[in-house]
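Asks: The sequence isn't on hand, but the structure is:
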């Protein structure tokens, strides 16, 4: 689905990420983790075709990302950015209908199918009641869910989330990830999300990639790579990893910095079943 | 292209669909009413504005001339009257309407594209750039028409694009456009170019009125020839913008989001800027710099019909035409001495306070 080959990314002279090599297969649910400034957003921008690689190539569905026509790219790939500000009072339905742009004929009018897709996406993101409300008058969380609805209305094969739920409360975060998980399971939507919340990642992502110091330093199934050693190395923070007894998902607890990396290592021993 | 199809169960949601559809239809109806009202108002206004002037001709005479020209044999009219009504007044009315439509359309595009409520051809310096281009050509003696086409709009276009590039470069910081400094840069560029125009005109030993003509705008002494100059530029500019209204909507979400939705951002933006510049250049090359039409009209129409640019563009063009047509009538008849005011003075006098009011009331309602 996505293949990244020997890619270097950066802005101007500054190199942010180098030597990236990985592949994401259809139907995967990948979490992209790393400290602030590690290049998570940069990688998402590159995968969205916004930032051309300085070196190497990114291939989406057997085609070079750079040579893909904009509309075609948007049919395959939808992006939910961290936040977005809209300056005109478009209604939320109009905003979601914009997601149909890559699928509409260039000058054709709106079809019932476009409207159905938009309404369904709004229902899925529990924003149906906001249809007629101007986007300028909804709360941050509501606005973000409208943006997610817009991405779903694109009917994409790949969904990239760039800290998409960072501004939402716990419940809303989980609601969004439940929707995404459902689409991942029922429609084989490929998901890649850059995120900060370790436990949210451990709960939903089946594969995790860790960025640190401009490199991809860990990449593997969540159950293997979500361990104190990796987390301590990535975040320079002592961590303890446990496994929830009923849900069988790992979760991390941060420890006071005074525990030091040794503290984390000690805890790793303790965490072993 | 992969067509997206819905599971059959989804299609059953007819109630929801019909509700959303009727909502949209209500919006479409409001738009249709506004469109019809404006079109009708425009037609009536053309006739009325043609009837108003320093020489009192009487409505029957004016109507007779217009009907004669339309091929209907009405009452006979003497040659002088015909020239006044058709050659002088109507041509000027039509020209002012076209310029108003062009400026308002350009205003919609600049506001939408630059995401700045204060953007219009005048405030971002594009109009003055166009006027400077024309003034330069006139000084160099390149003024005549070739096969009915004048090189002046082309000079205006070059000036408009040059001024726009300068303003965009001035307001760019670290690779991103700063909305706050855009208008500031526009005013700097515009003031500087105004001074240059004054200088050129003074060197050219022209009268003060020539300077005022370009800087304040006027339709004095304009006729069908100028309609001909403007028309190709206005038509092309309007076509370019009208073909990209959907993209203009999406660009309101910002550059990155537009890219994610499949808009080829740089190419579309270039086309739209070119379209708006063509409209501005055409307008300025025949009438000088007229402010406020491109600023106020789009705001008003957005309040009336919502922010979707397809509708906004049409309504703004029509009401821009109406506005400037009547502003020019005022410019013609306002002074008791029989002197004409520059029409830019009228639009600024009316538009300034009105815009102030708009800004206040809109901010209190949380828009912009």
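Replies: Nice, I can see it. Every value quoted in this text rests on a predicted model; they were computed, and no experiment measured them. Residues are numbered from 1 along each chain as shown, chains lettered A, B, ... in the order given.
Asks: Spell out which residues of the stretch 101-250 of chain A are next to chain B.
Replies: Residues of the stretch 101-250 of chain A lying near chain B by Cβ under 8 Å from any Cβ of the partner chain: A:101-103, A:107, A:110, A:112-113, A:115-117, A:119-120, A:128, A:131-132, A:136-137, A:147, A:150-151, A:154-155. C-betas here are computed from N, CA, C, even on glycine.
Asks: if you set the cut-off to 6 Å instead, what comes out?
Replies: Contact residues (Cβ under 6 Å from any Cβ of the partner chain) of the stretch 101-250 of chain A with chain B: A:101-102, A:115-116, A:119, A:155.
Asks: which strands and helices sit next to the helix or strand containing residue B:26?
Replies: Per DSSP states H and E: residue B:26 is located in helix B:14-51. With contacts defined as 3 or more Cβ pairs under 6 Å, 6 or more residues apart in numbering or on different chains; DSSP states H and E, helix B:14-51 has these neighbours: helix B:59-69, helix B:91-114, helix B:309-333.
Asks: same thing but 7 Å
Replies: Applying 3 or more Cβ pairs under 7 Å, 6 or more residues apart in numbering or on different chains; DSSP states H and E, one finds that helix B:14-51 contacts helix A:112-124, helix B:59-69, helix B:91-114, helix B:293-305, helix B:309-333.
Asks: What residues of the helix or strand that comes right after the second one count as buried?
Replies: Think helix B:59-69. Downstream of helix B:59-69, the first helix or strand assigned by DSSP H and E is helix B:79-82. For helix B:79-82, the neighbour count (16 or more other Cβ atoms under 10 Å in any protein chain shown) marks B:81-82 as buried.
Asks: chain center to stretch B:237-256: distance?
Replies: Relative to its parent chain, stretch B:237-256 has a centroid offset of 17 Å by Cα atoms, centre = their mean, to the nearest Å.
Asks: and it, how far apart are its ends?
Replies: 26 Å (Cα to Cα, to the nearest Å).
Asks: Roughly how far does whatever residue of the stretch 101-250 of chain A ends up closest to chain B sit from residue A:72?
Replies: Closest contact between the stretch 101-250 of chain A and chain B, by Cβ to the nearest Cβ, is at residue A:102 (3.5 Å). From residue A:102 over to residue A:72 the distance is 8 Å, taken as Cβ to Cβ, to the nearest Å.
Asks: So the two - more neighbours on which side?
Replies: Neighbour count, other Cβ atoms under 10 Å in any protein chain shown: between residue A:102 and residue A:72, residue A:102 has more, with 24 against 16.
Asks: List the contacts of residue B:124.
Replies: For residue B:124, the contact set (Cβ atoms under 7 Å, 6 or more residues apart in numbering or on different chains) comprises B:110, B:164, B:167, B:182-183, B:186.
Asks: biggest separation within those residues, which pair?
Replies: The most widely separated members of those, counting by Cβ to Cβ, are B:164 and B:183 (13.3 Å).
Asks: Let me see the ranges of the strands in the stretch 101-250 of chain A.
Replies: Under the criterion DSSP state E, counting those that start in this stretch, the stretch 101-250 of chain A carries strands at the ranges A:158-162, A:190-194, A:207-212, A:215-221, A:239-243, A:250-254.
Asks: Out of the ones you listed, which gets nearest to residue B:323?
Replies: strand A:158-162 (44.0 Å).
Asks: What count of nearby residues applies to residue A:172?
Replies: Around residue A:172 there are 18 other residues, counting by other Cβ under 10 Å.
Asks: Where does chain B get nearest to chain A, residue-wise?
Replies: For chain B, the residue closest to chain A is residue B:262, as judged by Cβ to the nearest Cβ, at 2.9 Å.
Asks: On the three-state scheme, that residue is what?
Replies: Using DSSP: H, G, I helix; E, B strand; the rest coil, the structure places residue B:262 in coil.
Asks: was I right about it contacting residue A:69?
Replies: No: with contact defined as Cβ atoms under 7 Å, residue B:262 does not reach residue A:69; the gap is 8.4 Å.
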